[in-house]
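In: How does the following fold in three dimensions:
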Amino acid sequence: MLREIRTLTASEVETLVDWAAGEGWNPGIDDAGLFRAADPEGFIGAFVAGEMVAGISAVAYGAGFGFIGLYICRPGNRGQGHGKAVWDAGMTRLGGRIIGLDGMAEQRAKYQRMGFVPAYETVRYSGRPDGLIRGADIRPATPESYAAIQAYDRQCFPAPRRVFLEGWLRAPRMALIASDRTGIAGYGVARRCRDGFKIGPLFADGTEVALGLLAELAESVEGETLHVDVPASNGGLIAALESAGMRPGFTTTRMYKGGTPDNVAAKVFGITTLELG
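Out: Residues are numbered from 1 along each chain as shown. Predicted coordinates:
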C-alpha cells in the first residue's frame with residue numbers, strides 16, 4: 001500500500017473540517033478558510049490511491065508556538081498506520097516549538113506518553129443563557145480597534161496571530177470589545193456553527209467583564225443555542241452559566257509539550273477553538 005503525505009489544498013481542508021463535524025465537534029460554518037489562513041502549510045493529509053484517509057492540523061504561530069488539531073482518520077481506514085503517519089508529519093513540522101493540543105479524555109494518557117503535560121480541563125457549556133447582566137461599556141469591534149485587540153489577545157494566547165484574527169474578527173462573526181478607563185478589558189467573538197453559535201475567544205480581565213460580553217453576544221444571536229469551551233478553573237463563570245441555564249457537555253484537556261506558554265491563563269474564560277487553540 002502506497003501512502004502519500006502532503007499539505008492539503010483549500011478544498012481538502014474543508015473536507016477535513018467536515019469530518020470534524022461528523023465526529024460531533026460542531027465546527028463553524030466557514031471555519032475552514034479562516035483556519036487555513038492562519039498557516040496555509042499547516043494542514044496535512046495521508047492519501048491512498050488519491051483519496052484522503054487521514055488528516056491533521058499542525059499550525060505554526062511563528063517560531064515559538066504551534067497547535068495540533070483536527071487529528072482524524074476515516075473510520076474505515078483506521079488501524080493501518082495512516083493516523084500515526086500524519087501525526088508524525090505534524091509533530092515534525094512543529095519541531096522546536098512549544099506545542100499545544102486539546103485532547104479528549106480517552107486520549108489523555110496516550111498524549112502524556114508522547115510527552116504532553118496537562119495544563120487544565122475545559123468543559124463545553126451549551127444552552128440559551130437567561131438572566132445574564134449585559135455589560136456597561138461594550139461595543140462592536142471595528143478595523144480601527146484591531147491593533148488594540150491584537151495586543152490584548154497576545155496577553156491571553158501563547159503567540160501573536162495577526163492574520164488569523166484579522167479574519168476571525170470580521171462579519172459574519174460578531175466581535176465585541178469591553179473597555180475600561182485604561183483601554184480594552186476583554187473581547188469575545190460569536191460564530192455560527194453547524195448547531196447554534198460558539199463563543200470563542202472569550203478573554204477578559206475578570207468574571208464580571210466576561211459575563212457582560214457573553215450577555216451581549218447572546219443578545220446578538222437571540223433565540224440561538226450558545227456553546228462555549230470554559231477552562232474548569234473558572235469557577236465563577238461556570239456557576240453563573242449554570243445559574244443561567246447552560247449545561248456542561250464533554251470535556252477536553254489542554255496539554256503542552258516543550259514548555260509552558262507565557263499567556264495569562266486567568267484571562268481565558270472561553271478558548272478560541274479546539275482545533276487551533
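
In: Look at the closest residue to residue 135 other than its chain neighbours and report its pLDDT.
Out: Closest residue to residue 135 apart from its sequence neighbours, by C-beta to C-beta, 6 or more residues apart in numbering: residue 212 at 2.5 Å. Quick note: C-beta positions are derived from backbone N, CA and C, even for glycine. pLDDT for residue 212: 96.

In: Which of the three states applies to residue 212?
Out: When classified by DSSP: H, G, I helix; E, B strand; the rest coil, residue 212 comes out as helix.

In: For the strand or helix carrying residue 217, list every residue counted as buried.
Out: In this assignment (DSSP states H and E), residue 217 forms part of helix 207-220. Burial within helix 207-220, assessed by neighbour count using 16 or more other C-beta atoms under 10 Å, is assigned to 207-218.

In: swap in stretch 180-194?
Out: Buried residues in stretch 180-194 (16+ other C-beta under 10 Å): 184-194.

In: From these, which land in strands?
Out: Among those, the ones falling in strands (DSSP state E) are 184-192.

In: mind putting those residues in TSV, distance to residue 106 and pLDDT included?
Out: Converted to TSV, these look like this (distance: C-beta to C-beta, whole Å; pLDDT from 0 to 100):
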residue	distance to residue 106	pLDDT
184	38	95
185	38	96
186	33	97
187	33	98
188	30	98
189	29	98
190	29	98
191	27	97
192	29	97
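
In: The protein: helices as residue ranges?
Out: 10-22, 31-38, 82-93, 108-113, 146-156, 162-168, 207-220, 235-243 (DSSP state H).

In: Please work out the average pLDDT along the second one.
Out: Right, helix 31-38. Averaging pLDDT along helix 31-38 gives 96.

In: Which residues are in contact with the closest residue to residue 1 other than its chain neighbours?
Out: Ranked by C-beta to C-beta, 6+ apart and with sequence neighbours excluded, the top spatial neighbour of residue 1 is residue 48, at 6.2 Å. Going by C-beta atoms under 8 Å, 6 or more residues apart in numbering, residue 48 touches 1-4, 77, 82.

In: How about residue 198?
Out: Residue 198 neighbours (C-beta under 8 Å, 6+ apart): 26, 28, 190-191, 226-229, 273.

In: do that again at 7 Å, thanks
Out: Applying C-beta atoms under 7 Å, 6 or more residues apart in numbering to residue 198 gives the contacts 28, 191, 227-228.

In: likewise residue 126?
Out: 225-227, 246-247, 249.

In: Give me the pLDDT for it.
Out: Looking at residue 126, the pLDDT reads 97.

In: Show me what it bridges to in the sheet.
Out: Residues in a beta bridge with residue 126, per DSSP bridges, are residue 227, residue 247.

In: likewise residue 189?
Out: residue 175.

In: Thought residue 168 was touching it, still the case?
Out: Yes. Applying C-beta atoms under 7 Å as the test, residue 189 and residue 168 come out as touching, 6.2 Å apart.

In: tell me the two of the ones in strands among the buried residues of stretch 180-194 that are most distant?
Out: 185 and 192 (26.0 Å; C-beta to C-beta).

In: thinking again about what came up before, the residue nearest to residue 135 contacts residue 176, correct?
Out: No. Distance between residue 212 and residue 176: 9.3 Å, which falls outside the contact criterion (C-beta under 7 Å).

In: Spit out the residues that contact the two alike.
Out: Contacts common to residue 212 and residue 176, judged by C-beta under 7 Å, 6+ apart, are residue 138.

In: sorry, back to before: which one of the contacts of residue 198 sits in the busiest neighbourhood?
Out: Using other C-beta atoms under 10 Å as the neighbour test, the contacts of residue 198 are led by residue 228, with 28 neighbours.

In: That residue contacts residue 201, doesn't it?
Out: No. In this structure, residue 228 is not within contact of residue 201 by C-beta under 7 Å, at 9.7 Å.

In: Find residues that contact each of those two.
Out: Joint contacts of residue 228 and residue 201 (C-beta under 7 Å, 6+ apart) are residue 270.

In: List the buried residues of stretch 56-70.
Out: 56-61, 64-70.

In: distance of the spatially closest residue to residue 49 that is not a sequence neighbour from residue 53?
Out: Once flanking residues are discounted, residue 49 sits nearest to residue 2: 7.9 Å by C-beta to C-beta, 6+ apart. According to C-beta to C-beta, to the nearest Å, residue 2 and residue 53 sit 12 Å apart.
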